[in-house]
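# I'd like to go over a predicted model; first the sequence, then the structure.
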Amino acid sequence: MFRLMLFLALGAGSLFGGGGDPSYQPLFVIERSSNENVVHYDAKIDRDGRLDAREPVIAYWIMGAKDGRRQELNFLEKTKAYGLVVEPGSNPDSYRIALISEKRLGIQVYRDGDAVRAETTIDGHRAYLRKIYVGVRKGSLFGAPDYIELNGTDIATGENLHETINPRR
């Protein structure tokens, strides 16, 4: 009985927002044609249930081509490819983010009830971003993308959306 009471006392803080550790909610991923490693982007939620003002979005690898472990982005990946530029949004508890490598793709991150959303424009529609797929030409120097596919859900209709972008234009 003592263990049950202790578990409930310690667990109640995290269940009701009073815990000290942050929590994370998945936002979107970047997959590449070159291998099965995937970059994940998660919203970081502070103990008060808000997006963490110091680091609202985190990025990390899941090394699917190897053993499936989680691995942090290295310095070059953060500064040249998969890192983020983060600015406060127009509404409280919202942020504008852009990928270092594709700053034209503006993404709004905000709370929507219990969920956190990554919103962008896909094929002219407001959408929740789920996945970016990067087609890399074989033998290209530094893995320069040949095309980028955006995948998400139309906010108004709930339909799946898809758009292919040529990054060299």
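Arrived safely, thanks for sending.
# residue closest to the middle of the chain?
Tyr41 (2.5 Å; C-alpha atoms, centre = their mean).
# can you give me how far the helix or strand hosting Ile107 is from the chain middle?
In this structure, Ile107 sits in strand 102-112 according to DSSP states H and E. On the basis of C-alpha atoms, centre = their mean, to the nearest Å, strand 102-112 sits 9 Å off its chain's mean C-alpha point.
# Okay, helices next: where are they in this structure?
Along the chain, the stretches classed as helices by DSSP state H are 2-15, 75-76.
# For these, which has the smallest mean pLDDT value?
If those are sorted by mean pLDDT, helix 2-15 sits at the bottom with a mean of 36.
# picking that back up, against which helices or strands is the strand holding Ile107 packed?
Packing partners of strand 102-112 (3 or more C-beta pairs under 8 Å, 6 or more residues apart in numbering; DSSP states H and E): strand 94-99, strand 115-122. Quick note: C-beta positions are derived from backbone N, CA and C, even for glycine.
# Lys131 versus the residue nearest to the centre of the chain, what's the distance?
Plainly put, Tyr41 is 10 Å away from Lys131 if you go by C-beta to C-beta, to the nearest Å.
# lowest-confidence helix or strand of this structure?
One helix or strand of the chain scores below all others by mean pLDDT, DSSP states H and E: helix 2-15, with a mean of 36.
# pLDDT weak spots in this structure?
Low-confidence segments of the chain, defined by pLDDT under 70: 1-19, 139-143, 168-169.
# What residues of stretch 70-87 count as buried?
For stretch 70-87, the neighbour count (16 or more other C-beta atoms under 10 Å) marks 73, 77, 81-84, 86 as buried.
# and that stretch, how far apart are its ends?
Stretch 70-87 has an end-to-end distance of 26 Å (criterion: C-alpha to C-alpha, to the nearest Å).
# Then stretch 105-123?
In stretch 105-123, first residue to last residue: 12 Å (C-alpha to C-alpha).
# what's the answer for stretch 89-106, then?
First residue to last in stretch 89-106 (C-alpha to C-alpha) measures 11 Å.
# List the buried residues of it.
Quick answer for stretch 89-106 (16+ other C-beta under 10 Å): 89, 94-95, 97-99, 101-102, 105.
# and what of stretch 150-169?
150-153, 161, 163, 165.
# Next: stretch 109-120.
Buried-residue list, stretch 109-120, by 16+ other C-beta under 10 Å: 109-111, 116-120.
# Give me the contacts around it.
25, 27-28, 41, 43, 45, 50-51, 56-57, 89, 91, 93-97, 105-108, 126-129, 150, 152, 155 (C-beta atoms under 8 Å, 6 or more residues apart in numbering).
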